[in-house]
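# need a 3D model of the following:
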Amino acid sequence: MITTARIAADKAIRIAFSLNDSPDDTPPENAFPLAFPDLEQQLQPLPPCHDSEESMQVFKQHCQIAEEYYEVKKEIALLEERKRELIIRLDQAEKESMVAARLTKEYSDLTEENRTLSLAQTQCVEQLEKLRIQYQKRQGSS
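Sure thing, here's the model as predicted:
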């Protein structure tokens, strides 16, 4: 039986035919299901002609290539996920580094301020001691 249909020129089509006399409604006994359901339709291996050794060989090669393609796509997806994880870790490390740099600067500034205040306190204590001595001398002379 021959069936015809109009299809837009930009659509991909797949043509299959059989030389046996079985009706079109029943699939052949050795029909090949989609061996790679995750593979895009245009990349699916076409069923071979069972009477042709060359066709069977091409089908087997196409299946091997489709498997390799699927494995490569899977590996790419895993590597992209790993890349995303590493980018997140790198961002966290950069943030931690910035925090560490800010804390180091703050520590340095506070250490300098502490040194300055300690020096000022020492000078104030010395000045207070001098004033006490002067006050005691005045008290002693009066």
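# counting contacts, what elements does the one helix or strand residue 99 maps to pack onto?
Here residue 99 sits within helix 53-141, counting by DSSP states H and E. Applying 3 or more Cβ pairs under 8 Å, 6 or more residues apart in numbering; DSSP states H and E, one finds that helix 53-141 contacts no other helix or strand. Every residue, glycine included, has its C-beta placed from N, CA and C.
# chain center to that helix, what's the gap?
22 Å (Cα atoms, centre = their mean, to the nearest Å).
# what does stretch 130-142 give?
Distance, stretch centre to chain centre, for stretch 130-142: 78 Å (Cα atoms, centre = their mean).
# give me the most central residue, this protein.
residue 84 (1.7 Å; Cα atoms, centre = their mean).
# residue 91 versus that one, what's the distance?
11 Å (Cβ to Cβ, to the nearest Å).
# same check on residue 127?
In terms of Cβ to Cβ, residue 127 sits 53 Å off from residue 91.
# what's the answer for residue 68, then?
34 Å.
# confidence score at the residue nearest to the centre of the chain?
If you check residue 84, the pLDDT there is 98.
# what do you get for residue 68?
For residue 68, the model assigns a pLDDT of 91.
# equivalent analysis for residue 56, please.
Value for residue 56, per-residue pLDDT: 91.
# if we ignore the residues flanking it in sequence, what's nearest it?
residue 48 (4.8 Å; Cβ to Cβ, 6 or more residues apart in numbering).
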